[in-house]
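Trainee: return atomic coordinates for the entry below.
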Amino acid sequence: MANSRWYWRIALALAMAVPGLIGFGAAYVAARVADDRRPPIPFAATLEQVAQAAAAPTPAPATATINPLLQGDMVKFVFKKEPELVPAVTFVDGTGTARTLSDFKGRVVLLNLWATWCVPCRKEMPALDRLQAALGSDKFEVLALSVDRAGVDASRKFLDTTKVANLKLYVDQTAKMNGVLKVFGMPTTLLIDAEGREVGRLTGEAEWDSPEAKNLIASIFK
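Mentor: Take a look at the predicted model:
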């Protein structure tokens, strides 16, 4: 009879304890699922500790450092992790004379690849022309290079119709430049340092004579 009484006392105690344990477990899991960024809750935590953890504010996610040079249209500019030497490429100038990028070594070059059929190229060309007028020197040049199979005459006509006055004519009629430089859209503009290394590039049109663009270019001279 005594054993029977002890059996029923133990069964009653377990029946009373199980709901509390289940509730604790549910609260613990809910707190962890709600936000894994919160500090871990001790296994032996009280219900009060669990409630406090669940109510704690969510920590703000870490944000990437923003480069102050990437402002305005320059937000589309992508810097290389490290400057990379530009592969040797050959093209011709307006007289048909063969040229290479090595001819410009010692100058910072903004290499703009464009084509006569490219509408965004037509839109941004005046800004490139104004940039060359403002910064062009023996230290800097905007090299607007047509990668158009239509050739020199068609490319010259394009510059004339866009009223370009400061940019020189350069043409890669073979269009091999795109593959060599891994260019996949027009226009694409590469910023090349005085050592002939690509610092970064921007795909798409941009206001290249804007203060933001000039500030980015100026940083390469430092």
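Trainee: contacts only, for the residue positioned nearest the centre of the chain.
Mentor: The chain has V78 as the residue nearest its centroid, 4.5 Å off, counting by Cα atoms, centre = their mean. V78 makes contact with G200, R201, L202 under the criterion Cβ atoms under 8 Å, 6 or more residues apart in numbering. Glycine gets a C-beta too; all of them are placed from N, C-alpha and C.
Trainee: correct me if wrong: G185 contacts G204.
Mentor: Yes - counting by Cβ atoms under 8 Å, G204 is a contact partner of G185 at 7.1 Å.
Trainee: SS state for E82?
Mentor: strand (DSSP: H, G, I helix; E, B strand; the rest coil).
Trainee: repeat that for P120.
Mentor: Going by three-state DSSP: P120 is helix.
Trainee: how about it, what does it touch?
Mentor: M186, P187, G204, E205.
Trainee: next: L110.
Mentor: Applying Cβ under 8 Å, 6+ apart, the residues near L110 are L128, L131, F140, E141, V142, L143, T189, L190, L191, I192, W208, I217.
Trainee: mind listing the residues bridging to it?
Mentor: Per DSSP bridges, the residues bridged to L110 are V142, L191.
Trainee: what's the burial count for the residue lying closest to G196 once chain neighbours are set aside?
Mentor: Computed as Cβ to Cβ, 6 or more residues apart in numbering, the closest residue to G196 that is not its neighbour in sequence is K105, at 5.1 Å. K105: 13 surrounding residues under other Cβ atoms under 10 Å.
Trainee: per-residue pLDDT, K105?
Mentor: K105 carries a pLDDT score of 89 in this model.
Trainee: and what of F184?
Mentor: 88.
Trainee: gap between it and D73?
Mentor: 19 Å (Cβ to Cβ, to the nearest Å).
Trainee: higher neighbour count, the two?
Mentor: D73 (19 against 9).
Trainee: just give me the neighbour total for the residue nearest to the more buried one when sequence neighbours are not counted.
Mentor: Take D73 and drop its neighbours on the chain: the residue closest to it by Cβ to Cβ, 6+ apart is A206, 4.0 Å away. Using other Cβ under 10 Å, A206 has 23 other residues around it.
Trainee: ok, now K81?
Mentor: K81: 6 neighbours (other Cβ under 10 Å).
Trainee: same question, the one 4 residues further on
Mentor: Around L85 sit 10 other residues, with neighbours defined as other Cβ under 10 Å.
Trainee: ok, it to N178 distance?
Mentor: According to Cβ to Cβ, L85 stands 18 Å off from N178.
Trainee: still on that earlier bit, quick one: pLDDT of the residue nearest to the centre of the chain?
Mentor: Note on V78: pLDDT of 95.
Trainee: circling back to that earlier point, now do the contacts for the residue nearest to D73.
Mentor: D73, M74, K76, E124, A127, T189, A213.
Trainee: so for the closest residue in space to S210 that isn't next to it in sequence, what's the pLDDT?
Mentor: If the residues on either side of it in the chain are set aside, S210 comes closest to G72, at 5.6 Å by Cβ to Cβ, 6+ apart. Here, the pLDDT recorded for G72 equals 88.
Trainee: same question, N67
Mentor: Note for N67: predicted pLDDT of 86.
Trainee: tell me the secondary structure at it.
Mentor: When classified by three-state DSSP, N67 comes out as coil.
Trainee: same question, G185
Mentor: Following three-state DSSP, the label given to G185 is coil.
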